[in-house]
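Participant: sequence plus the predicted model coming up.
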Amino acid sequence: MRGLALSQSPDVGGAPTEGFDVIRHLDLSSSYTGAALGYNRAMPVTVVILAAGQGKRMQSDLPKVLQPLAGRPLLAHVIATATAIAPEAIHVVYGHGGEQVRSALPDAPVSWVLQAEQRGTGHALSQAMPAIDDGHLVLVLYGDVPLIRPGALERLLAAAGPKSMSLLTVELEDPTGYGRIVRGARGQVQRIVEEKDATARVRRIREGNTGVMVAPARLLRRWLGQLRADNAQGELYLTDVVAMAVKEKIEVVPQLVDAPSEVLGVNDKLQLAEVEAALRARRARDLLVAGVTLVDPARIDVRGDLAVGRDVQIDVNVVFEGRVRLGDRVRIGPNCVIRDSEIDADTEVFPNCVIDRATIGPACHIGPFARFRPSSQLARGVHIGNFVEVKNSKLGEGSKSNHLTYLGDAVIGARVNVGAGTVTCNYDGANKSQTHIDDGAFIGSGAMLVAPVRIGAGATIGAGSTITRDTPPDKLTLERSKQVTIDGWQRPAKKT
């Protein structure tokens with residue numbers, strides 16, 4: 001594989017196709033390790049994701065951590081990031097939404113921990129601590145902070161050890177809403193002050209706390225037991241452990257995040273839209289770096305994993321969902337939706353097409369306004385034109401269906417021409433049946449092919465025919481009623 005090879009999200013299996021750049025837009029991989037990038041860990045790692053918040057500001061019946069980002073729940077993004085750094089275990093502390101949260105992610109590689117009573121972040125973390133070994137580092141993540149990259153977490157882990165902890169911080173022009181990192185005269189971290197408890201002087205500090213931290217479990221367990229709820233919100237703040245560490249002369253190492261967008265949190269629909277925009281921009285940048293031509297990088301939406309060949313061009317308002325592979329020199333026209341599909345080299349998809357779980361061969365021409373439903377396969381050089389729908393069908397090399405046609409449950413050979421208005425009548429109200437059209441057949445316009453039926457090789461079907469029986473090869477088959485003209489007939493007229 002050449003070029004860009006970012007990581008793979010754990011819900012997508014298999015190796016990328018040779019010769020393709022793989023844009024893993026969550027930057028995730030179950031095979032990713034910090035050691036591969038030169039990071040060393042002093043101790044084994046356990047991840048705890050705090051995901052128990054109710055999210056009242058979402059104004060939604062859906063729990064906050066299940067709100068969709070790029071087609072997946074916020075929490076799914078965070079779990080995938082945690083999986084990417086290969087920890088010993090991942091615990092998710094959940095509360096609001098309860099079983100709804102768990103049932104939305106049934107295959108997630110996590111242990112679920114219920115926080116029945118919401119008493120703050122310190123209390124939430126303490127619910128997971130009984131399952132964590134004293135010899136581990138604990139990495140704390142949040143179910144509503146979905147864009148952190150594995151590299152930032154590896155740097156954080158490398159800075160922590162048996163007698164040190166690390167914090168991920170962010171510098172902002174306007175840090176409103178963030179706890180502030182209070183440093184001493186020599187720049188050392190002294191404590192974190194939540195905004196509601198901060199003085200005017202502290203609020204002028206631009207370095208904010210992201211909440212993401214790493215600490216040794218042995219010390220963290222003791223510090224959590226010492227937390228007190230004597231603050232503006234009456235909660236047990238996890239951030240108070242920093243002052244405890246400083247008091248015990250435990251080194252606190254701050255790590256400034258590379259891009260503030262990595263630590264954007266989501267509390268309402270406005271922030272959700274901002275995070276969505278940040279993720280779209282990140283993915284567009286990855287595509288551009290991989291050599292893809294984007295007509296407008298601001299108008300592309302990738303909601304999954306995308307493999308791209310050389311000299312791929314993508315026009316505006318294209319949506320990719322699931323796992324999609326685009327071969328060399330593929331061109332995608334505007335306003336297309338492509339889901340879990342493969343499109344081979346030199347194929348052009350014209351505007352306004354929907355391709356869902358299909359395999360498109362090389363040098364094909366698709367659309368405009370074509371629709372592919374699941375399990376459709378095209379061989380080399382197939383033409384599918386405007387307002388043609390293909391479902392669970394195979395088309396052989398060089399075959400064409402250029403206008404206003406439905407091909408369902410059909411096996412079509414090579415060099416077949418399907419005329420406008422043709423329908424493979426595959427459903428009798430109870431069962432689906434298959435239509436076979438052998439090599440070189442010519443289907444005239446307006447033909448109804450009532451399955452199960454077979455059109456022989458080289459056969460011609462006259463326009464307007466309804467075919468209910470197999471037709472022989474290399475012959476013309478017609479089925480038409482006698483044309484009649486009725487003298488003296490008058491068209492009905494409306495009464496005035």
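Facilitator: Happy to help now that I have it. Numbers count the residues shown, from 1 in each chain.
Participant: now stretch 90-110, how far from the centre of its chain.
Facilitator: 19 Å (Cα atoms, centre = their mean, to the nearest Å).
Participant: equivalent analysis for stretch 139-150, please.
Facilitator: Chain-centre distance of stretch 139-150: 16 Å, with Cα atoms, centre = their mean.
Participant: quick check: end-to-end length of it?
Facilitator: Stretch 139-150 has its terminal residues 12 Å apart, counting by Cα to Cα, to the nearest Å.
Participant: now stretch 41-51: mean pLDDT?
Facilitator: Averaged over stretch 41-51, pLDDT sits at 93.
Participant: quick check: buried residues in that stretch?
Facilitator: Judged by neighbour count (16 or more other Cβ atoms under 10 Å), stretch 41-51 contains these buried residues: 41, 43, 45-51. Just so you know, the C-beta spots here come from the backbone N, C-alpha and C atoms, and that holds for glycine as well.
Participant: among those residues, which are in helices?
Facilitator: Per DSSP state H, helices hold no members of the buried residues of stretch 41-51.
Participant: now distance to residue 215 too, for those, in TSV please.
Facilitator: Shown next, in TSV, are those (distance: Cβ to Cβ, whole Å):
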residue	distance to residue 215
41	14
43	11
45	11
46	11
47	13
48	11
49	15
50	14
51	19
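Participant: closest one of the residues you listed to residue 209?
Facilitator: The shortest approach to residue 209 among the buried residues of stretch 41-51 belongs to residue 50, at 13.9 Å (Cβ to Cβ).
Participant: wait, what's in contact with the closest one?
Facilitator: By Cβ atoms under 8 Å, 6 or more residues apart in numbering, the contact list for residue 50 reads 93, 121, 124-125, 140-143.
Participant: over to residue 417?
Facilitator: Counted by Cβ under 8 Å, 6+ apart, residue 417 has contacts 399-401, 441-443.
Participant: on that earlier part again, show me which pair in the contacts of residue 50 is furthest apart.
Facilitator: Between any two of these, the greatest separation by Cβ to Cβ is 13.0 Å, found for 125 and 143.
Participant: show the contacting residues for residue 432.
Facilitator: So residue 432 contacts 408-409, 426, 451 (Cβ under 8 Å, 6+ apart).
Participant: bridging residues for it?
Facilitator: Beta-bridge pairing for residue 432 (DSSP bridges): residue 427.
Participant: before we move on, what about residue 303?
Facilitator: Per DSSP bridges, the residues bridged to residue 303 are residue 321.
Participant: show the contacting residues for it.
Facilitator: Contacts for residue 303 (Cβ under 8 Å, 6+ apart) come out as 70-72, 319-322.
Participant: mind doing that once more with 10 Å?
Facilitator: By Cβ atoms under 10 Å, 6 or more residues apart in numbering, the contact list for residue 303 reads 25, 68-72, 276, 279-280, 283, 319-322, 324, 339.
Participant: got it, and residue 57?
Facilitator: Residues near residue 57 by Cβ under 10 Å, 6+ apart: 64, 266-271.
Participant: okay, now the domains of the chain?
Facilitator: Here the domain parsing of the chain from automatic domain parsing is 32-258, 341-477.
Participant: distance to residue 296 for the ones you listed - can I get that in CSV?
Facilitator: Formatted as CSV, the domains of the chain follow (distance: least, Cβ to Cβ, whole Å):
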stretch, distance to residue 296
domain 32-258, 18
domain 341-477, 14
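Participant: in helices, which of the contacts of residue 50 fall?
Facilitator: Per DSSP H, the subset of the contacts of residue 50 in helices is 121, 124-125.
Participant: which of those are buried? Put it as a ChimeraX command.
Facilitator: To isolate the buried ones among those in ChimeraX, judged by 16+ other Cβ under 10 Å, type:
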select :121,124,125
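Participant: ok, back up a step: for residue 233, state which of the contacts of residue 303 is nearest.
Facilitator: residue 69 (26.9 Å).
Participant: ranges for the helices of this structure?
Facilitator: Counting by DSSP H, the chain has helices at residues 74-84, 99-104, 121-128, 150-158, 200-203, 217-225, 240-247, 269-289.
Participant: rounded mean pLDDT for the third one, please.
Facilitator: What that stands for is helix 121-128. 95.
Participant: for the first one, same thing?
Facilitator: When pLDDT is averaged over helix 74-84, the result is 96.
Participant: next, the buried residues of that helix.
Facilitator: In helix 74-84, counting by 16+ other Cβ under 10 Å, buried: 74-84.
Participant: low-confidence ranges in this structure?
Facilitator: In the predicted model, the chain carries pLDDT under 70 at residues 1-39.
Participant: wait, residue 345 sits on residue 381?
Facilitator: No. Counting by Cβ atoms under 10 Å, residue 345 does not reach residue 381; the two are 11.8 Å apart.
Participant: what touches both of the two?
Facilitator: Any residue near both residue 345 and residue 381 by Cβ under 10 Å, 6+ apart counts here, and that gives 361-363.
Participant: ranking by neighbours, what's the top pick from those?
Facilitator: Counting neighbours by other Cβ atoms under 10 Å, residue 361 leads the shared contacts of residue 345 and residue 381 with 21 neighbours.
Participant: returning to that earlier point: just curious, which of the buried residues of helix 74-84 is nearest to residue 485?
Facilitator: Of the buried residues of helix 74-84, the one sitting nearest to residue 485 (Cβ to Cβ) turns out to be residue 76, at 66.4 Å.
Participant: hmm, back to that, in JSON lines: the shared contacts of residue 345 and residue 381, plus distance to residue 203.
Facilitator: Output for the shared contacts of residue 345 and residue 381, formatted as JSON lines (distance: Cβ to Cβ, whole Å):
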{"residue": "361", "distance to residue 203": "61"}
{"residue": "362", "distance to residue 203": "61"}
{"residue": "363", "distance to residue 203": "62"}
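Participant: contacting residues for the closest residue to residue 327 other than its chain neighbours?
Facilitator: Nearest residue to residue 327, sequence neighbours excluded (Cβ to Cβ, 6 or more residues apart in numbering): residue 345, at 3.7 Å. Neighbour list for residue 345: 19, 309-312, 326-330, 361-363, 380 [criterion: Cβ under 10 Å, 6+ apart].
Participant: now swap in residue 156 and tell me
Facilitator: By Cβ under 10 Å, 6+ apart, the contact list for residue 156 reads 39, 85, 137, 139, 148, 165-168, 212-214, 253-255, 257.
Participant: list only buried entries from those residues.
Facilitator: Neighbour counting over the contacts of residue 156 (16+ other Cβ under 10 Å) leaves 39, 85, 137, 139, 148, 165-168, 212-214, 253-255, 257 as the buried ones.
Participant: in CSV: the ones in helices among the contacts of residue 50, plus distance to residue 184.
Facilitator: Formatted as CSV, the ones in helices among the contacts of residue 50 follow (distance: Cβ to Cβ, whole Å):
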residue, distance to residue 184
121, 24
124, 29
125, 26
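Participant: so which of the ones in helices among the contacts of residue 50 comes closest to residue 355?
Facilitator: For those, the residue nearest residue 355 by Cβ to Cβ is residue 124; the value is 43.2 Å.
Participant: how near is that closest one to residue 207?
Facilitator: 24 Å (Cβ to Cβ, to the nearest Å).
Participant: ok, residue 142 next?
Facilitator: Going from residue 142 to residue 207 by Cβ to Cβ gives 18 Å.
Participant: comparing these two, which shows the higher neighbour count?
Facilitator: Between residue 142 and residue 207, counted using other Cβ under 10 Å, the more crowded position is residue 142 (24 against 18).
Participant: and that one, how far from residue 191?
Facilitator: In terms of Cβ to Cβ, residue 142 sits 20 Å off from residue 191.
Participant: surely residue 280 touches residue 317?
Facilitator: No. Using Cβ under 10 Å, residue 280 is not in contact with residue 317, being 11.9 Å away.
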